[in-house]
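A.B. asks: from the sequence below, what's the structure:
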Amino acid sequence: MWGQISLAVETIRDVVWGWPMIILLLGTHIFMTFRTGFIQKKIFTGIRLSVAKDEGVDGDISQFGALATALASTIGTGNIVGVGTAVVLGGPGAVLWCWLTGVFGIATKYAEALIAVKYRIKDEDGIMRGGAMYALEYGLKWRRLGKFLGKMFAFAAVCASFGIGCAAQVNAIATVCRKNMGASSRIVGIIAAVCTALVIFGGVRAIAGVCEKLVPLMAASYIFGCAAILWINRDFIIPALFTIVRLAFTPGAAAGGLVGGGMLTAMRYGIARGLFSNESGMGSAPIAAAAARTRNPVRQALVSSTGTFWDTVVLCMLTGLVLVTSIMKSPKAYICKMKDGGELTSLAFGQIPGAGPVILVVGIISFAYSTVIGWAYYGECCIKYLAGKKALVSYRILYVLTAAFAPVVSLDLIWLAADILNALMAVPNLTAVLLLSPVIVSETGKYRNDLNARSKEQAGI
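C.D. replies: Next up, the predicted model:
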């Protein structure tokens with residue numbers, strides 16, 4: 001019975017995440033790149049703004065707090081295991097397509113954050129709420145269609161928060177703790193549930209406060225580990241770069257018989273993993289962006305766009321280089337591990353004497369936990385949009401219970417369902433981005449040359 005259900009869900013997943021969805025997402029990335037006048041040129045301006053304070057304006061958290069919350073839910077096991085899986089399935093060439101997806105995805109992340117801030121509202125408690133659901137309802141001329149798509153997005157996001165946002169992440173934490181420390185999965189689940197409850201019952205400010213401290217620390221430690229491995233493998237960095245570029249466009253062998261599956265295979269897995277990693281086009285990160293204190297939509301949109309830069313352009317590229325240089329250095333040791341992206345990454349980090357496995361374990365635990373609390377906020381905003389304030393407490397309790405029981409349940413079906421739910425989020429969100437692209441272009445032109453200008457809403461006009 002369960003086998004048949006799993007097979008049916010897997011079939012649906014393969015359909016919704018086939019080439020049409022990949023083309024829609026990547027096509028939107030490229031389209032918005034041109035529509036925004038290559039907004040990627042402003043990425044370092046966005047980085048500078050992310051640590052600037054914007055006082056005296058509406059919002060609940062700082063611009064960096066909003067970015068950190070978004071990064072907390074975005075930077076996850078996909079940056080570590082997902083890239084390894086892309087290399088296993090698509091060959092080294094997949095690393096380049098993953099990276100290119102991040103470069104072009106910056107424009108979509110910018111666009112979806114801009115409309116999230118522009119169409120945000122202040123609820124009855126004085127808290128800012130925004131995201132694809134509000135942009136669809138208040139931005140589109142066809143209000144009924146906008147409201148329907150908004151509810152579709154919010155429902156999918158709430159369901160996804162329990163699966164990919166909570167259960168899958170806590171299960172990953174429990175697996176790492178069991179394999180490396182012999183810890184009981186049940187105990188890990190209880191600890192994760194308690195830690196989650198202590199944060200999410202404090203609201204957006206508590207979540208952002210934890211993320212502001214956790215995200216820089218976990219990213220820095222992981223980057224340090226990658227840099228150490230690349231120093232060990234320094235003689236193979238240039239050959240690895242040539243191999244990645246060559247196998248991104250043509251089939252061929254890399255090292256020790258490691259073969260790229262051809263351009264289409266490299267594209268499929270590289271683009272798919274890149275999209276899953278940075279979530280550009282999914283519509284999740286703009287929910288956090290809408291809570292930021294910012295003078296105008298463009299200012300926060302630039303800050304939000306840096307999330308894709310850090311997640312995919314930097315972290316995923318580093319992971320890809322670590323894996324390919326390690327394979328080329330010791331092909332015989334890695335060929336037997338080519339069926340599991342996680343095992344591949346673990347072996348690569350094992351090159352750092354003593355500290356390597358520790359860095360990887362701490363990285364996976366911190367990445368996964370930050371995803372849990374980041375997605376809790378997304379789910380809260382969406383359940384409030386669907387059912388009002390009265391549903392928040394019930395949602396939080398159910399979310400904590402999910403964390404407690406996640407380590408002892410099979411997640412195969414949850415992962416498959418989460419993939420489908422992500423697609424159901426992407427479709428209405430991309431609809432908002434594409435239909436509201438004239439608004440995005442207009443707002444960009446209005447504020448790009450004067451980022452300190454206040455919008456009419458912030459000026460109280």
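A.B. asks: after the helix ranked longest in the chain, which helix or strand is next?
C.D. replies: In the chain, taking DSSP state H as the definition, the longest helix is helix 355-387. Stepping forward along the backbone from helix 355-387, the first helix or strand reached (DSSP states H and E) is helix 392-405.
A.B. asks: show me what that next one is packed up against.
C.D. replies: Judged by 3 or more Cβ pairs under 8 Å, 6 or more residues apart in numbering; DSSP states H and E, helix 392-405 is in contact with helix 143-162, helix 185-200, helix 355-387. Using the backbone N, CA and C atoms, a C-beta is placed for each residue, glycine as well.
A.B. asks: closest to T33 out of those?
C.D. replies: Distances from T33 to each of these were compared by Cβ to Cβ, and the smallest falls on helix 143-162, at 23.2 Å.
A.B. asks: tilt between that closest one and helix 355-387?
C.D. replies: Helix 143-162 runs at 140 degrees relative to helix 355-387, counting by axes from the mean of the first three to the mean of the last three Cα atoms, to 10 degrees.
A.B. asks: from the middle of its chain, how far away would helix 143-162 be?
C.D. replies: Shown here is helix 143-162, whose average C-alpha point lies 19 Å from the average C-alpha point of the whole chain (Cα atoms, centre = their mean, to the nearest Å).
A.B. asks: tilt between it and helix 392-405?
C.D. replies: 40 degrees.
A.B. asks: the residue nearest to F104 when sequence neighbours are not counted sits in which helix or strand?
C.D. replies: When the adjacent residues along the chain are set aside, F104 lies closest to H29, with 3.7 Å between them (Cβ to Cβ, 6 or more residues apart in numbering). Take DSSP H and E as the rule and H29 turns out to sit in helix 19-35.
A.B. asks: helix or strand right after that helix?
C.D. replies: On the C-terminal side of helix 19-35, the nearest following helix or strand under DSSP H and E is helix 43-50.
A.B. asks: the helices in the stretch 151-300 of the chain, which residues?
C.D. replies: Assigned by DSSP state H, counting those that start in this stretch, the stretch 151-300 of the chain shows helices spanning 168-181, 185-200, 203-232, 237-249, 263-278, 285-289, 297-308.
A.B. asks: please compute how far the helix or strand M317 falls within lies from its chain's middle.
C.D. replies: Assigned by DSSP H and E, M317 belongs to helix 317-329. The chain centroid and the centroid of helix 317-329 are separated by 22 Å, computed with Cα atoms, centre = their mean.
A.B. asks: show me what that helix packs onto, helices and strands only.
C.D. replies: For helix 317-329, the helices and strands in contact under the criterion 3+ Cβ pairs under 8 Å, 6+ apart are helix 83-90, helix 93-118, helix 203-232, helix 237-249, helix 341-349.
A.B. asks: out of these, which is closest to G126?
C.D. replies: G126 lies closest, by Cβ to Cβ, to one member of those: helix 203-232, at 11.9 Å.
A.B. asks: state the mean pLDDT of that closest one.
C.D. replies: Along helix 203-232, the predicted local confidence has a mean pLDDT of 79.
A.B. asks: skipping adjacent residues, who's closest to K384 in space?
C.D. replies: Leaving aside its chain neighbours, K384 sits nearest to L392 (6.1 Å; criterion: Cβ to Cβ, 6+ apart).
A.B. asks: pretty sure the one you found sits against E380.
C.D. replies: Yes: taking Cβ atoms under 8 Å as the contact criterion, L392 and E380 are neighbours in contact, 6.0 Å apart.
A.B. asks: okay, those two: which has more neighbours?
C.D. replies: Set L392 next to E380 and count neighbours by other Cβ atoms under 10 Å: E380 wins out with 23 against 18.
A.B. asks: now do the contacts for that one.
C.D. replies: When contacts are counted by Cβ atoms under 8 Å, 6 or more residues apart in numbering, E380 touches I200, L392, Y395, R396.
A.B. asks: rerun that using 10 Å as the cut-off
C.D. replies: With contact set as Cβ atoms under 10 Å, 6 or more residues apart in numbering, E380 has these partners: 129, 158, 161, 200, 203-204, 207, 287, 391-392, 395-396, 399.
A.B. asks: rank the helices of the stretch 151-300 of the chain by pLDDT, which is bottom?
C.D. replies: Across the helices of the stretch 151-300 of the chain, helix 263-278 gives the lowest mean pLDDT, at a mean of 73.
A.B. asks: which positions in it come out as buried?
C.D. replies: Along helix 263-278, these residues count as buried under the neighbour rule (16 or more other Cβ atoms under 10 Å): 263, 265-278.
A.B. asks: hang on, the earlier thing: out of the helices and strands packed on helix 392-405, nearest to P428?
C.D. replies: When the helices and strands packed on helix 392-405 are compared by Cβ to Cβ, helix 143-162 sits nearest P428, at 3.9 Å.
A.B. asks: for the closest one, which residues meet the burial criterion?
C.D. replies: When neighbours are counted by 16+ other Cβ under 10 Å, the buried residues of helix 143-162 are found to be 146, 149-162.
A.B. asks: what mean pLDDT does it have?
C.D. replies: The average pLDDT within helix 143-162 is 91.
A.B. asks: quick one on the thing from earlier: contacting residues for the residue nearest to F104?
C.D. replies: Remark: with contacts taken as Cβ under 10 Å, 6+ apart, H29 is in contact with 100-109, 111, 271, 274-275, 280-281, 308, 430.
A.B. asks: redo the helices of the stretch 151-300 of the chain as TSV? Include distance to L323.
C.D. replies: Supplementary listing: the helices of the stretch 151-300 of the chain in TSV, determined by distance: least, Cβ to Cβ, whole Å:
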stretch	distance to L323
helix 168-181	18
helix 185-200	27
helix 203-232	9
helix 237-249	9
helix 263-278	12
helix 285-289	26
helix 297-308	21
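A.B. asks: roughly how far does the nearest residue to L214 once chain neighbours are set aside sit from V361?
C.D. replies: The spatial neighbour of L214 that comes closest, neighbours along the chain excluded (Cβ to Cβ, 6+ apart), is S370 at 5.3 Å. From S370 across to V361, the span is 15 Å (Cβ to Cβ, to the nearest Å).
A.B. asks: same question, G65
C.D. replies: G65 sits 27 Å away from V361 when distances are taken as Cβ to Cβ.
A.B. asks: okay, these two: which has more neighbours?
C.D. replies: Neighbours per residue (other Cβ under 10 Å) separate G65 from V361, with G65 holding more: 23 against 18.
A.B. asks: what helix or strand does that one sit in?
C.D. replies: Here G65 sits within helix 63-74, counting by DSSP H and E.
A.B. asks: run the angle between that helix and helix 297-308 for me.
C.D. replies: Using the same axes, to 10 degrees, helix 63-74 lies at 40 degrees relative to helix 297-308.
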